[in-house]
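Asks: Got a predicted structure here, sequence first:
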Amino acid sequence: MKALLAQVRTELTLMARNGEQLLVSLFIPLGVLIFLSKVKVIDLGRDDRVAVVAPAVLALAVMSTAMVSLGIGTGFERHYGVLKRLGATPLGRPRWIAAKFLAVLAIECLQWIVLVGAALALGWSPSGGWALAVAAAMVGTAAFGGLGLSLAGSLPALVNLALCNGLYVVLVMTGDIVFRAGSLPGPIETIARLLPAAPLVDVISAALDTGHTAHAGSWPTLLVWAIVGPIVAATSFRWE
Amino acid sequence: MPIVEVENLDVRHGDVHAVNGVSFAAEAGAVTAVLGPNGAGKTSTIDCLEGYRAPSNGTVRVCGLDPVRDHAALTRRIGVMLQAGGLHSAIRPVEALRLFAAFYDRPRDPGELLELVGLTDRARAPWRTLSGGEQQRLSLALAIIGRPDVVFLDEPTSGVDVTGRQLIRDLIRELRNDGAGVVLTSHDLSEVEEVADHLVIIEAGRVIASGSVNELLASAADAVTFRADPGLDVASLAAAVDAPVAEVSPGAYRVDTAPSPRTVAAITSWLAERNLLIGDLSAGRERLESLFLRLVAEAEARPAGDPAQGSGRRGRRRGGRSAGAR
């Protein structure tokens, strides 16, 4: 327990010291929330823009932390031999993985507190489906964390860096909020619904926005990603 | 009873046979140095001992444990210092030591260790801002924080300045005197000669010599060595001094004979007749570095498949331009 807590504390300290990671996990989602709520670049089809944007941004925060921050950070740790060095200590892999997971959850909590606070200040009045929203975030964490670690554990650090960021952009573009505005062609929407981003935005929106109904395929798709992602990560991860 | 035992270890990476039937043992309370040119198989061997790699064949035991199967139990008994890196670029020495202290049941005090490796002033400097020597000293402190029974040090003094070297040497001796087994690899042979009790010399995946430092150096005979232009006619010089002469590496010559003033005079007059300059003339017992170069050169010159290996004392090769200069 002492070893696990020490590792979690170290993970959080190092993340907090990394400006890029703070940017990705806090300021980008915050910027998106304020921008899309206040600036009418995309027609959301409704006047209460923040009600549409806030749940999507909460999903975005999960994606950026569980996939981008975790994936890029772990990729560099692998590159610099940090994982090899830890592998020779009694910490062990199960506790290392647990520490990563707990650190990601702690950051997500912080993100949600800041983002929900900001959204409320922007006039958001969410419906009360918080339990479902949190459950969706946990499943999403498993799905995106699995994706991030699959890339981090099998690719060179710089390729991983590029791919994590690239994938992030693709997932944001196909993350439901864009095509809810009717701007994605049909076949691309079908593909987007099979990727994990759109379903996560969809189920969190359904939980927190009474004006939104979840797509029938969203929960099953998300659950499949949440199972397959970690399995692929666990089997393909190379520690050196 | 040895604390590290390696028997007929084979490691293959695909088609490459990196380690080919290596056997040796290391004792508790002793420093064992694994030496060899780059690519000789040192790192592959150490990786097996640390449990990072499973042997393709043969057995490896550390503290009586199988490093792969009993990895969790082994991690409590060993300390590992990698050749480079191994820490997050933003972590501070004091944080790294506190973190690692939390992994072990009976850790040494982080503050005391910082003092011991001379990093008290740099306790809060991020890893990436530490000099090469400071990074190595921190890595050593992390390797010993759990009071290990066996410490593996990969090139512990590479990139370390003179005072840092002295400090690391003292620490290694202290660990040995406290009863730990220390296994280190190094390119710095003068370093090894100072701290190691036992040597294992590996070349092309095989042990070409092993034994205590005294034993191996005892097999090193008297000689006169000097430097001059490369490519001298060693047969002619051998005739002039009446002793075997070899060019051990380009421009470095060894005359296998008792270092009498007469021999030295014969060498210098032979050079003077040819109007050649002489440098680094030394007469006396061969040191570890030249012994090592000779053993490696002999192993490379031997036809493949020659099983000669692992003896404490080795006969020496005589004759003209013998040991293959590369």
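Replies: Right, received. Where do you want to start?

Asks: Quick check: chain neighbours aside, which residue is closest to B:Phe226?
Replies: In space, and not counting its chain neighbours, B:Phe226 is closest to B:Leu281: 4.4 Å by C-beta to C-beta, 6 or more residues apart in numbering or on different chains. For every residue, glycine as well, the C-beta is placed using N, CA and C.

Asks: Number of residues surrounding residue 175?
Replies: Went with chain A since none was named. Applying other C-beta atoms under 10 Å in any protein chain shown, we find 23 residues neighbouring A:Gly175.

Asks: wait, chain B
Replies: For B:Leu175, the count of nearby residues is 23 (other C-beta under 10 Å).

Asks: next one: B:Asp178
Replies: Close neighbours of B:Asp178, defined as other C-beta under 10 Å, add up to 10.

Asks: And the pLDDT at it?
Replies: If you check B:Asp178, the pLDDT there is 93.

Asks: Quickly note the distance from it to B:Thr32.
Replies: 16 Å (C-beta to C-beta, to the nearest Å).

Asks: who in chain A is up against chain B?
Replies: For chain A, the residues in contact with chain B (C-beta under 8 Å from any C-beta of the partner chain) are A:2-3, A:5-7, A:10, A:13-14, A:17-18, A:76-77, A:80-82, A:84-85, A:87-92, A:240.

Asks: switch to 10 Å and redo it
Replies: Applying C-beta under 10 Å from any C-beta of the partner chain, we find that chain A lies next to chain B at A:1-7, A:9-11, A:13-18, A:73, A:76-77, A:79-95, A:239-240.

Asks: In ChimeraX, how would I select the buried members of those residues?
Replies: To isolate the buried members of the residues of chain A next to chain B in ChimeraX, using 16 or more other C-beta atoms under 10 Å in any protein chain shown:
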select /A:3,4,6,7,9,10,11,13,14,15,18,73,76,77,79,80,81,82,83,84,85,86,87,88,89,90,91,92,95
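
Asks: Can you list which of the residues of chain A next to chain B are found in strands?
Replies: Among those, no member falls in strands (DSSP state E).

Asks: Run a quick neighbour tally on B:Asp105.
Replies: Neighbours of B:Asp105 under the rule other C-beta under 10 Å: 9.

Asks: which residues does it contact?
Replies: Going by C-beta atoms under 10 Å, 6 or more residues apart in numbering or on different chains, B:Asp105 touches A:2, A:90, B:76, B:146-147.

Asks: which secondary element of chain A has the worst mean pLDDT?
Replies: Lowest by mean pLDDT, DSSP states H and E among the helices and strands of chain A is helix A:177-180, with a mean of 62.

Asks: ok, then the element right after it?
Replies: Proceeding N to C from helix A:177-180, the next assigned helix or strand is helix A:186-194, under DSSP states H and E.

Asks: Which strands and helices lie in contact with that following helix?
Replies: Using 3 or more C-beta pairs under 10 Å, 6 or more residues apart in numbering or on different chains; DSSP states H and E, the elements in contact with helix A:186-194 are helix A:157-173, helix A:177-180, helix A:197-208, helix A:218-236.

Asks: quick one: the most centrally placed residue in chain A and chain B, what's the gap?
Replies: Central residue of chain A (C-alpha atoms, centre = their mean): A:Met63, 1.5 Å from the mean position. Separation of A:Met63 from chain B (C-beta to the nearest C-beta, to the nearest Å) stands at 24 Å.

Asks: My read is that that residue contacts A:Asn165, right?
Replies: No. The pair A:Met63 and A:Asn165 fails to qualify as a contact (C-beta atoms under 10 Å) at a distance of 12.0 Å.

Asks: Which positions in the strand or helix carrying A:Leu105 come out as buried?
Replies: Element membership of A:Leu105, judged by DSSP H and E, is helix A:92-121. Within helix A:92-121, the residues that count as buried by 16+ other C-beta under 10 Å are A:92, A:95-97, A:99-105, A:107-108, A:110-112, A:114-116, A:118-119.

Asks: quick one: pLDDT of B:Gly310?
Replies: pLDDT for B:Gly310: 39.

Asks: ok, now the one 10 residues further on?
Replies: Residue-level confidence at B:Gly320 comes out at 34, pLDDT.
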